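Peer 1: Here you go, sequence then predicted model.
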Amino acid sequence: MSVPTVTTVADFVELTLREDLGTLLGRWLRQVSGEEVRQGYEATLRVAAPQRVRYWLLDLRRRGTITEESTEWVLSAFLPRLANLLGGRVYLAFLMSPAHLSNVDQENGAPLVSSADCHVRLFSDEGAAAEWLARRRAHETNA
């Protein structure tokens, strides 16, 4: 088993690359500005790109909500770049506070984006998020 590689971006996001699982775990450590949102996501991509890691679990619970402008940047400018840069469809599990999701969505993951290039689901349980990513990876491996 390989040792996870941990990268800290300033004081606001910690990235852990689990090569053995083909997964990147990003934990936002505090609330952030719009510029820090961009810096954090770009740093996540820089860590994922060398091994073309396409399965990401991003813990947003401490980050809290971001501005509408930052959300638009993530959805319209950042996510569409990933499949081309990482070599295939990218799967992102966003871990959020339970207050942001219904009970059904907490168990199954609420779909946020689903396209040929990117599939994003929102979760409040880290285990459920990790299981979803593992199922997606197994499905693609067996496809």
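Peer 2: On my side now, so go ahead. As the structure is a computational prediction, the values presented were derived from the model and not from experiment.
Peer 1: contacts, neighbours, all on C-alpha from now
Peer 2: Will do.
Peer 1: Next up, the contacts around Ala48.
Peer 2: Leu17, Leu24, Arg54, Leu86 (Cα atoms under 8 Å, 6 or more residues apart in numbering).
Peer 1: Please flag which of those sit within helices.
Peer 2: Leu86 (DSSP state H).
Peer 1: hey, which helix or strand in this structure has the poorest pLDDT?
Peer 2: When each helix and strand of the chain is scored by mean pLDDT, DSSP states H and E, helix 103-108 comes last, with a mean of 48.
Peer 1: Adding pLDDT, write the contacts of Ala48 out as CSV.
Peer 2: Below are the contacts of Ala48 laid out as CSV (pLDDT from 0 to 100):
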residue, pLDDT
Leu17, 93
Leu24, 97
Arg54, 98
Leu86, 97
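Peer 1: With distance to Trp73 and neighbour count added, can I get the contacts of Ala48 in CSV?
Peer 2: Output for these, formatted as CSV (distance: Cα to Cα, whole Å; neighbours: other Cα atoms under 10 Å):
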residue, distance to Trp73, neighbour count
Leu17, 24, 22
Leu24, 21, 25
Arg54, 19, 24
Leu86, 19, 17
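Peer 1: Checking Pro80 next. Helix, strand or coil?
Peer 2: helix (DSSP: H, G, I helix; E, B strand; the rest coil).
Peer 1: Tell me how many other residues crowd it.
Peer 2: 15 (other Cα atoms under 10 Å).
Peer 1: What pLDDT is listed against Ser2?
Peer 2: We have a pLDDT of 65 for Ser2.
Peer 1: Make 22 the starting number, not 1.
Peer 2: Yes, from this point I'll number from 22; that puts the last item at Ser23.
Peer 1: Just the ones of the contacts of Ala69 in strands?
Peer 2: Among the contacts of Ala69, the ones falling in strands (DSSP state E) are Leu38, Leu45.
Peer 1: so where is this structure shaky, pLDDT-wise?
Peer 2: Scanning the chain for pLDDT under 70 picks out 22-24, 120-134, 164.
Peer 1: How about the contacts made by Met117?
Peer 2: By Cα under 8 Å, 6+ apart, the neighbours of Met117 are Asp80, Leu81, Arg82, Leu143, Phe144, Ser145.
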